[in-house]
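In: fold the stuff below for me.
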Amino acid sequence: MKTGILILTIGLLVACNHGGKHEIFDANGLTTGELKSCMLFTTYKDGILGGSASKPTTPNYGEDRKIGTEYNEALCWITHDGGRNWKKMKIDEGNVHYLMQNGKNVYAWVWKNSERGDLSALHVSRDKGKTWQKQTEIKGIATRPHVIDSNRMFFWGGIDHYALHETKDGGKTWIVHENHYDYIDEVFYDGLTAYFLTHIFERSAPSLLVKRDLETGKGKLISMPPGRTGRKGFKDIVALNNNEKLELYRIMNDSLLYLTTFNYGRQYLNYLKQQGDKIYACLRIHRGGSLTPEKMILFSEDGGKTWTEKDSGISIYSDCVSAIGNEKNFKIWYLGSVSRIGTYED
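Out: Numbering: from 1, shown residues only. Next up is the predicted model:
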């Protein structure tokens with residue numbers, strides 16, 4: 001496959017090659033002044049963006065003499081044409097921070113602040129985002145959510161920022177599980193196994209990798225190479241920092257199997273998607289001290305040992321990334337700017 005070259009211009013932009021397709025296009029229905037926090041494509045045509053917009057309230061000239069304040073509307077944007085056109089709708093007050101899919105259901109976690117303090121609300125859509133129903137509302141902030149099925153779900157947070165919560169009835173009631181770690185820096189899942197990166201009090205960087213069986217509640221430490229710190233993980237692959245290098249490891253039973261090293265300087269693993277033996281990785285890179293990051297897409301056909309650079313030089317706006325695929329086709333969407341959607345198709 002030939003690598004396409006994408007040249008950024010001010011207007012509409014499309015670049016193609018014989019084996020794949022690279023695009024950055026202005027998406028109708030996405031405007032400035034609105035925050036996009038997360039993205040989820042459920043089919044090659046159907047996608048949802050989650051975020052918020054600030055709205056001014058009626059001026060208040062009471063005792064506090066405030067002229068006016070702002071509140072956030074939790075919004076979602078829906079597309080049925082692969083991301084070219086979007087329809088906006090309000091879900092709740094607050095901000096949509098997470099989108100998850102299980103079967104035909106899409107779940108949205110909304111964070112909001114009220115007179116009762118921080119709250120988190122779980123909403124579900126059974127019609128690709130056209131309508132939403134609130135499932136539950138809990139005190140505190142729900143982070144790192146995970147859905148097993150329509151009844152069983154997990155998240156970390158709540159009143160205790162590092163507690164693991166579980167529901168077995170679709171969010172009606174929640175069980176709080178004991179957690180022996182005071183800090184949870186990053187959580188990723190592989191079915192009913194949770195991995196989390198944490199650190200000891202004296203060090204600010206994540207230096208411990210813990211494996212937890214969500215069925216039994218049992219956890220154990222997994223040995224990390226000396227001098228490495230945890231960065232991010234996806235299913236059974238974890239990225240570790242080694243100075244300015246980024247190393248990928250596959251998590252075995254209680255050890256790590258080295259896969260490869262990315263050495264692009266200042267780099268951040270945005271997203272990683274496994275499709276059988278194929279693995280697609282999105283890196284955010286700052287070349288030569290540049291303040292403007294680039295998106296690089298890498299592709300591996302041998303389980304992550306060797307990689308081919310598929311695309312580079314694309315400016316990005318946020319960490320909003322989504323991907324779907326099968327044995328014949330694979331596609332990645334990402335938010336290229338406030339109102340532009342970028343794609344890579346293999």
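
In: all contacts plus neighbour counts: C-alpha atoms, from now on.
Out: OK.

In: wait, I48 sits on F41?
Out: Yes. I48 is within contact range of F41, at 6.2 Å (criterion: CA atoms under 8 Å).

In: so where's this protein shaky on pLDDT?
Out: 1-21, 56-71, 160-161, 182, 200-205, 288-293, 311-318, 326-327 (pLDDT under 70).

In: now the helices for it?
Out: Counting by DSSP state H, the chain has no helices to list.

In: what's the closest non-adjacent residue to Y264?
Out: The shortest distance from Y264 to any residue other than its chain neighbours is 7.0 Å, reached at I285 (CA to CA, 6 or more residues apart in numbering).

In: so what pairs up with T198 in the strands?
Out: L208 (DSSP bridges).

In: so what's the residue count around it?
Out: As a burial measure, T198 scores 23 neighbours (other CA atoms under 10 Å).

In: if we can go back for a sec, got a list of what the residue nearest to Y264 touches?
Out: Residues in contact with I285, defined by CA atoms under 8 Å, 6 or more residues apart in numbering, are 264-268, 293-296.

In: what's the PyMOL syntax to select whichever of the residues you listed are buried?
Out: One line in PyMOL is enough to select the buried members of those, burial here meaning 16 or more other CA atoms under 10 Å:
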select buried, resi 264+266+267+268+293+294+295+296
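
In: using TSV, lay out the contacts of I285 together with distance to E345.
Out: Shown next, in TSV, are those (distance: CA to CA, whole Å):
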residue	distance to E345
Y264	23
G265	26
R266	26
Q267	23
Y268	21
P293	21
E294	18
K295	14
M296	13
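
In: give me the subset of the contacts of I285 lying in strands.
Out: 266-268, 294-296 (DSSP state E).

In: and those as a markdown table, adding distance to N95?
Out: As requested, these are exported to a markdown table (distance: CA to CA, whole Å):
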| residue | distance to N95 |
| --- | --- |
| R266 | 30 |
| Q267 | 28 |
| Y268 | 25 |
| E294 | 26 |
| K295 | 26 |
| M296 | 28 |
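
In: returning to what we had before: is the residue nearest to Y264 bridged to anything, and to what?
Out: Q267, E294.

In: distance of it from L298?
Out: Distance, I285 to L298, using CA to CA, to the nearest Å: 12 Å.

In: over to W333?
Out: W333 is 14 Å from L298, where distance means CA to CA.

In: more neighbours: which of these two?
Out: Neighbour count, other CA under 10 Å: between W333 and L298, W333 has more, with 24 against 18.

In: hey, what's the more buried one bridged with?
Out: Bridge pairing for W333 (DSSP bridges) gives the partners S322, T343.

In: contacting residues for it?
Out: Applying CA under 8 Å, 6+ apart, we find W333 in contact with 321-323, 341-344.

In: what is the nearest of those residues to W307?
Out: Ranked by distance to W307 (CA to CA), those are led by Y344 at 16.3 Å.

In: what about that closest one, distance to C282?
Out: According to CA to CA, Y344 stands 10 Å off from C282.

In: for N263, same thing?
Out: Here the criterion is CA to CA. By it, N263 lies 14 Å from C282.

In: which of the two has more neighbours?
Out: C282 (23 against 12).

In: so that one sits against Q267, correct?
Out: No. The pair C282 and Q267 does not pass the contact test of CA under 8 Å, sitting 10.2 Å apart.

In: tally of neighbours for K104?
Out: Using other CA under 10 Å, K104 has 11 neighbouring residues.

In: distance of the closest residue to it other than its chain neighbours relative to Q133?
Out: Once flanking residues are discounted, K104 sits nearest to R126: 6.1 Å by CA to CA, 6+ apart. As judged by CA to CA, R126 and Q133 stand 9 Å apart.

In: just I341 next, same as before
Out: Between I341 and Q133 the distance is 28 Å, computed by CA to CA.

In: more crowded one of these two?
Out: Legend: neighbour count by other CA under 10 Å for I341 and Q133, higher for I341 (22 against 14).

In: excluding chain neighbours, what is closest to that one?
Out: With CA to CA, 6+ apart as the criterion, I341 has its nearest non-adjacent residue at 4.9 Å, and that residue is L335.

In: I'd say the one you found and S322 touch.
Out: No. In this structure L335 lies outside contact range of S322 using CA under 8 Å: 9.4 Å.

In: follow-up on the earlier one: and for the residue nearest to I341, the neighbour number?
Out: Using other CA under 10 Å: L335 sits among 24 other residues.

In: on that earlier part again, nearest to W77 among the contacts of W333?
Out: Looking across the contacts of W333 and measuring by CA to CA, the closest to W77 is I341, at 12.7 Å.
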